[in-house]
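Colleague: here are the coordinates; sequence isn't available:
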């Protein structure tokens, strides 16, 4: 019994230490964002604000126009998420349940994309979008989020488990294929569509390299690009930069907490079962 | 099924997959192939305005890239990051999974969420946060090290510490993801195997080596391969934290490609770097799969 207590104590100490390491940077970020200007740069560095102020949030949203960048991020992310659910959902379902010539070969061809780093296509993609006139626009940012092999995989894997009888019954009742998809299939596969949406939302919201490449006007920047740009001029303003970081992370955190289950399902679908 | 029905289903099938397939084809596969062509040209700033001046230069970009110091420096930094950071990431993820999987743990769901939180944060934002945590005078990390009589370390200003600094941030940011995969793997190992081993007189350590480790083997391969592929593509951390410095000690292959392509607009040369990165990634992935096969 005693040995068990010692073990339990050691285990919980280790877990608490790990939690402290995981959480401290984020807690400090929030704390520093509430400190009066200059306080974070004193010695020894304070962990909690001497006095709480929201002035940095006001500055960053109004004078530094990050509200505008927040809006850009929201538009790009929401558009990308909705469209990716439609496109990947339709394709994932068709690859799983509709018989058409060339299906297997096409699917195998798509899997090639999984071994090619995205950066390999970025330079020509930029030139292509430049020709199309969508560089420095929302459309240019959103293009890579619209369809993904990973997303199609995820949906396909889930749809394979839907019983064929369900589809046959609906066909016998005279439902058209599109109707069948929207009325019968979508409600059944809704969990995986939510997972896909959560995944796309977070990766689009947090994306940096592509929007950095395709956007050239500060006013069009998404939040991460604007933030990386801001740190160049305001590196001394620790508290201000932390307010910007909180603002950037917060929506991602909220979406994650709301859809935690669905998101975790996606991680496991991509590894253990796949 | 009648042929009319079959034909109709084939039409619908194509109609359903074509938006996604077209998007991936036009905006991924075509650019990848075009990238290969681009790497064989002298496409540069002038070519952006007047594409007619682009010339085919064969393998010149590859030759020039491989002959210059910048590429080898970036390759060395990328391999440093991948071969130090990759295994560390896998070990930390496994350690965290084992901790949270232990039977005695209370509040497991809560801790799992805390450990996972860094994964969903925005990399740019936390890279900025860590810049301040690494501050030689006002950073929390040196304060904590000071309690143990260590430091201060000029994390991002010293070429010897800049890469470890980036690795620690990256491990902190990513371990929760692999941890979840390992936890699922641990849950899939049947309890009877542990009981059988215990009956055979195996201690905790032996049970770990002879039951847990083999039980996790397929998942470890997946985690290991994806960790290395992701590591080879490191870009945002050095871009935000060090701009590739000090003394180019954190310039990665992708950062070099970005600078060549989008800062200096030497897109032919940048495309060559991108393909060399692809080859390095592919080569190491094949080695890893081979290693695993010879072990199993």
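Modeller: Nice, thanks for sending it over. Bear in mind that the values here come from a model prediction, so they are computed numbers and not experimental data. Numbers count the residues shown, from 1 in each chain, chains lettered A, B, ... in the order given.
Colleague: Could you use CA atoms for every contact and neighbour count after this?
Modeller: OK.
Colleague: Any idea how many residues pack against residue A:63?
Modeller: Using other CA atoms under 10 Å in any protein chain shown, residue A:63 has 10 neighbouring residues.
Colleague: try the one 5 residues further on
Modeller: By the other CA under 10 Å criterion, the neighbourhood of residue A:68 contains 19 residues.
Colleague: Would you map the strands across chain A?
Modeller: For chain A, no strands turn up when DSSP state E is the criterion.
Colleague: List the residue ranges of it that fall below the pLDDT cut-off.
Modeller: A:1, A:270-274 (pLDDT under 70).
Colleague: residue in the stretch 101-250 of chain A nearest to chain B?
Modeller: As assessed by CA to the nearest CA, chain B sits closest to residue A:121 within the stretch 101-250 of chain A, at 4.2 Å.
Colleague: so what's that residue up against?
Modeller: Contact analysis of residue A:121 by CA atoms under 8 Å, 6 or more residues apart in numbering or on different chains lists B:28, B:29, B:30, B:31, B:32, B:33, B:34, B:35.
Colleague: 7 Å instead, please
Modeller: Counting by CA atoms under 7 Å, 6 or more residues apart in numbering or on different chains, residue A:121 touches B:28, B:31, B:32, B:35.
Colleague: Then residue A:194?
Modeller: Contacts of residue A:194 by CA under 7 Å, 6+ apart are residue A:262.
Colleague: how near is it to residue A:59?
Modeller: Look at residue A:194 and residue A:59: by CA to CA, to the nearest Å, they are 36 Å apart.
Colleague: Once you drop chain neighbours, what's closest to the residue nearest in space to the middle of chain A?
Modeller: Geometric centre of chain A, nearest residue: residue A:202, 1.2 Å, by CA atoms, centre = their mean. Ranked by CA to CA, 6 or more residues apart in numbering or on different chains and with sequence neighbours excluded, the top spatial neighbour of residue A:202 is residue A:252, at 6.0 Å.
Colleague: you'd agree that neighbour is up against residue B:120?
Modeller: Yes - using CA atoms under 7 Å, residue A:252 is in contact with residue B:120, at 6.4 Å.
Colleague: Among these two, which residue is more densely surrounded?
Modeller: residue B:120 (23 against 20).
Colleague: who touches that one in this structure?
Modeller: A:252, A:253, A:256 are the contacts of residue B:120 under CA under 7 Å, 6+ apart.
Colleague: Near the second one, how many other residues are there?
Modeller: Read that as residue A:253. Using other CA under 10 Å, residue A:253 is surrounded by 20 other residues.
Colleague: same question, the last one
Modeller: Burial measure for residue A:256: 22 neighbouring residues, criterion other CA under 10 Å.
Colleague: and if you look at residue B:242?
Modeller: 22.
Colleague: so what's it up against?
Modeller: Residues in contact with residue B:242, defined by CA under 7 Å, 6+ apart, are residue B:156.
Colleague: ok, now how distant is it from chain A?
Modeller: 11 Å (CA to the nearest CA, to the nearest Å).
Colleague: on that earlier part again, among the contacts of residue A:121, name the ones in helices.
Modeller: Those of the contacts of residue A:121 mapping onto helices are B:31, B:32, B:35, per DSSP state H.
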